[in-house]
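Q: this one's structure only:
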C-alpha cells in the first residue's frame, strides 16, 4: 500500500491544491518499509490527483481540500482522509493503527464559488469559511 501526505517541514500541509511536496510511505504487512519526500513541481489541484495516481497511491492524508480535488481523487481510486493536522509521520502511524482522527467533510467552502486566477486560501481570510479545516 502507498500512503501520500501533503507535506511541509514534517507537518501535514493544510491546503491540498497548493502543496509543494508529498511524503510517500510504502507499507507492507502494516509496517512502513520506505518513506520519501517528493516535489509536486508546482502542479495544481487536478494535476496533483494525476500525480498521485501515477505513483500508484492508495491513500491520501491531508488538511483542507476542495470538492473538485476530492472528485478527482475518488475517480483515481485514492481513498481520502482530510481535515488532519499535525505531524505527518504520527498521522500515518495513527492511520496504520486504525486510530486516525479525520473529517470526511473537510474542505474549504470557498472552493464552491468562483474566484479569479491566482486565488489562494489566505488572500481573503477564509478562516471564517473553512472553520477548523485549516486550509491556510
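A: Great, that's in hand. Computed from a prediction, not measured in an experiment: that's the story for all the values here.
Q: so where's the chain uncertain?
A: Scanning the chain with the threshold set as pLDDT under 70 gives 45, 107-136.
Q: Show me where it has its strands.
A: Applying DSSP state E to the chain gives strands spanning 2-8, 11-12, 21-28, 31-39, 59-61, 79-81.
Q: Just list what the third one packs against, helices and strands only.
A: I take that to be strand 21-28. Contact partners of strand 21-28 among helices and strands, from 3 or more Cβ pairs under 8 Å, 6 or more residues apart in numbering; DSSP states H and E: strand 2-8, strand 31-39, helix 88-96. Where you see a C-beta, it was placed from the backbone N, CA and C, and this is true even at glycine.
Q: just the ones you listed: most buried one?
A: strand 2-8 (a mean of 22; mean count of other Cβ atoms under 10 Å).
Q: From the centre of this structure, give me the residue that's furthest out.
A: Here the chain reaches farthest from its C-alpha mean at residue 29, the gap being 23.5 Å by Cα atoms, centre = their mean.
Q: The spatially closest residue to residue 8 that is not a sequence neighbour: what's it in contact with?
A: Closest residue in space to residue 8, ignoring its immediate chain neighbours: residue 21 at 6.6 Å, by Cβ to Cβ, 6 or more residues apart in numbering. Shown in contact with residue 21 (Cβ atoms under 8 Å, 6 or more residues apart in numbering): 6-8, 13, 37-40.
Q: Could you count how many residues lie near residue 75?
A: Other residues lying near residue 75 total 10 when counted by other Cβ atoms under 10 Å.
Q: Can you get me a residue count around residue 55?
A: For residue 55, the neighbour count with other Cβ under 10 Å is 13.
Q: so who does it touch?
A: Residue 55 neighbours (Cβ under 8 Å, 6+ apart): 2, 4, 24, 38.
Q: And the third one, how far from residue 57?
A: Residue 24 is 7 Å from residue 57, where distance means Cβ to Cβ, to the nearest Å.
Q: Quick one: the strands of the chain as JSON lines, columns for distance to residue 91 too.
A: JSON lines is the format used below for the strands of the chain (distance: least, Cβ to Cβ, whole Å):
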{"stretch": "strand 2-8", "distance to residue 91": "6"}
{"stretch": "strand 11-12", "distance to residue 91": "6"}
{"stretch": "strand 21-28", "distance to residue 91": "10"}
{"stretch": "strand 31-39", "distance to residue 91": "12"}
{"stretch": "strand 59-61", "distance to residue 91": "5"}
{"stretch": "strand 79-81", "distance to residue 91": "8"}
